[in-house]
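Visitor: Mind folding the following:
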Amino acid sequence: MTMRIGVVTFPGSLDDGDAARAVRLAGAEAVRLWHGDADLHGVDAVVLPGGFSYGDALRCGAIARFAPVMETVADAARGGLPVLGICNGFQILCEAHLLPGALTRNQHLHFRNRDQHLRIGSTSTAWTGQFTADQEILIPVKNGEGCFVADARTLDELAAEGRVVARYVRGNPNGSQRDIAAITNEAGNVVGIMPHPEHAVEALTGPSLDGLGFFASVLHTLAGAPASSR
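Guide: Coordinates of the predicted model:
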């Protein structure tokens, strides 16, 4: 059975098409979901893509968290649905309190767009099971407000509980605390990542094929899950 991965489009989304292509290249069916539609159409997982949802009004992700689709996504995520938030999607997950912390303006106050090395810290999430611990990957980063911040207690808990999914290595592009590039919730089904795995899925356009690992991982996770849990 072909898995169906939903990709949400908000007003201002830029990378929804790229995310849908990554889903297809991984071997799943990409299902386009509209921000104003609360129906997830029976998808097995959801991707919240990068971009500038609602023009980043107020702050990044602050309005998108109240979109009808996000009410359903949040409920489904709490029930175990795998959800991946990329860049703006990560910001939305934090605003929706599905992940702790916040993404703020890059410390150097400049937009940063470059290929970035990451080190995988957790392989126990729905989106990283096909990687190996401490594996180094290369995927693009492009953000102006990608600096992950949280209070010291939260940062300590993320580290102690193995919930730091990836850290920046060979340079921190935005000043994120403790070089954090991606985190997960306690259950491991929700992951937020600031760099863009969907832009590293083809040799012609990406710096590597490393991004495919995230999409392949969730398919492997879903294949091993009983139908009643999806």
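
Visitor: Strands along this structure, start to end?
Guide: Along the chain, the segments classed as strands by DSSP state E run 4-9, 29-34, 45-48, 83-86, 102-104, 112-120, 136-143, 147-149, 164-169, 180-184, 190-193.

Visitor: Is it possible to get JSON lines of the ones you listed that adds mean pLDDT, mean neighbour count and distance to Ser217?
Guide: (Glycine included, C-beta is placed from N, CA and C.) Output for the strands of the chain, formatted as JSON lines (pLDDT from 0 to 100; neighbours: other Cβ atoms under 10 Å; distance: least, Cβ to Cβ, whole Å):
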{"stretch": "strand 4-9", "mean pLDDT": "98", "mean neighbour count": "24", "distance to Ser217": "12"}
{"stretch": "strand 29-34", "mean pLDDT": "98", "mean neighbour count": "18", "distance to Ser217": "16"}
{"stretch": "strand 45-48", "mean pLDDT": "98", "mean neighbour count": "30", "distance to Ser217": "10"}
{"stretch": "strand 83-86", "mean pLDDT": "98", "mean neighbour count": "30", "distance to Ser217": "10"}
{"stretch": "strand 102-104", "mean pLDDT": "97", "mean neighbour count": "20", "distance to Ser217": "23"}
{"stretch": "strand 112-120", "mean pLDDT": "96", "mean neighbour count": "18", "distance to Ser217": "10"}
{"stretch": "strand 136-143", "mean pLDDT": "97", "mean neighbour count": "20", "distance to Ser217": "12"}
{"stretch": "strand 147-149", "mean pLDDT": "98", "mean neighbour count": "22", "distance to Ser217": "21"}
{"stretch": "strand 164-169", "mean pLDDT": "98", "mean neighbour count": "22", "distance to Ser217": "11"}
{"stretch": "strand 180-184", "mean pLDDT": "98", "mean neighbour count": "28", "distance to Ser217": "12"}
{"stretch": "strand 190-193", "mean pLDDT": "98", "mean neighbour count": "28", "distance to Ser217": "10"}
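
Visitor: CSV please, covering those strands and showing distance to Leu158.
Guide: Listed next are the strands of the chain as CSV, based on distance: least, Cβ to Cβ, whole Å:
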stretch, distance to Leu158
strand 4-9, 25
strand 29-34, 29
strand 45-48, 20
strand 83-86, 16
strand 102-104, 13
strand 112-120, 15
strand 136-143, 20
strand 147-149, 10
strand 164-169, 5
strand 180-184, 6
strand 190-193, 12
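
Visitor: Mind checking those strands for the one nearest to Ala223?
Guide: Proximity to Ala223 (Cβ to Cβ) singles out strand 45-48 among those, at 11.7 Å.

Visitor: Parallel or antiparallel, which strands does that closest one pair with?
Guide: strand 4-9 (parallel), strand 83-86 (parallel) (DSSP bridges).
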